[in-house]
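Asker: the sequence and its predicted three-dimensional model are supplied below.
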Amino acid sequence: MFKRILLPIDGSELSLRAVDMGIELAAKIGASVYAFHVIAPLSASVYAAEFIQVDPEYTIEASANAERYLAEVHQRASAAGVACNSSYQTDPRPYSAIVEVARKHQCDLIVMASHGWRGFDRLLLGSETHKVILNGDVPVLVCR
């Protein structure tokens with residue numbers, strides 16, 4: 001049924017639970033997984049018409065975190081006997097990057113977490129999961 005499952009990860013416990021569910025599903029049906037992390041760029045601030053430079057340490061730390069998150073997915077997939085590839089990229093719109101990676105790597109299922117925001121918080125913060133569902137053409141299994 002599914003051959004390649006995309007596992008977006010943000011480093012939270014909820015996303016790791018979704019990773020475990022995706023890996024378990026992949027193991028049962030003989031699919032592979034593709035782990036993906038999106039680094040949100042640290043936006044430059046405008047003050048008195050001059051841009052304040054972004055701290056280069058942010059990029060280094062964010063990349064190190066991404067590699068750590070993806071290594072965790074590789075370790076879990078390996079323990080379950082599931083083939084795993086991965087990547088990360090910087091994008092101000094994580095949902096867009098997730099949808100594009102699913103297309104690029106021909107993923108036929110996305111398994112991701114919902115952080116469970118409701119009401120006003122959801123209005124203010126949005127939901128990357130919801131945006132992936134609305135903007136993608138791949139089925140999304142939402143884990144809580």
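Answerer: Received, thanks. Numbers count the residues shown, from 1 in each chain.
Asker: did I read that right, S87 in a strand?
Answerer: Yes - applying DSSP: H, G, I helix; E, B strand; the rest coil, one finds S87 inside a strand.
Asker: surely it is in contact with E100?
Answerer: No - between S87 and E100 there is no contact, the gap being 11.4 Å when judged by Cβ atoms under 8 Å. In this view, the C-beta of every residue, glycine as well, is placed from N, C-alpha and C.
Asker: which of the two has more neighbours?
Answerer: Set side by side, S87 and E100 show more neighbours around E100, with 16 against 13, by other Cβ atoms under 10 Å.
Asker: which helix or strand contains the more buried one?
Answerer: In this structure, E100 sits in helix 94-104 according to DSSP states H and E.
Asker: which elements pack onto that helix?
Answerer: Judged by 3 or more Cβ pairs under 8 Å, 6 or more residues apart in numbering; DSSP states H and E, the packing partners of helix 94-104 are strand 4-8, strand 32-39, strand 84-90, strand 109-113, helix 128-135.
Asker: any idea of the mean pLDDT in stretch 75-89?
Answerer: On average, the pLDDT along stretch 75-89 is 98.
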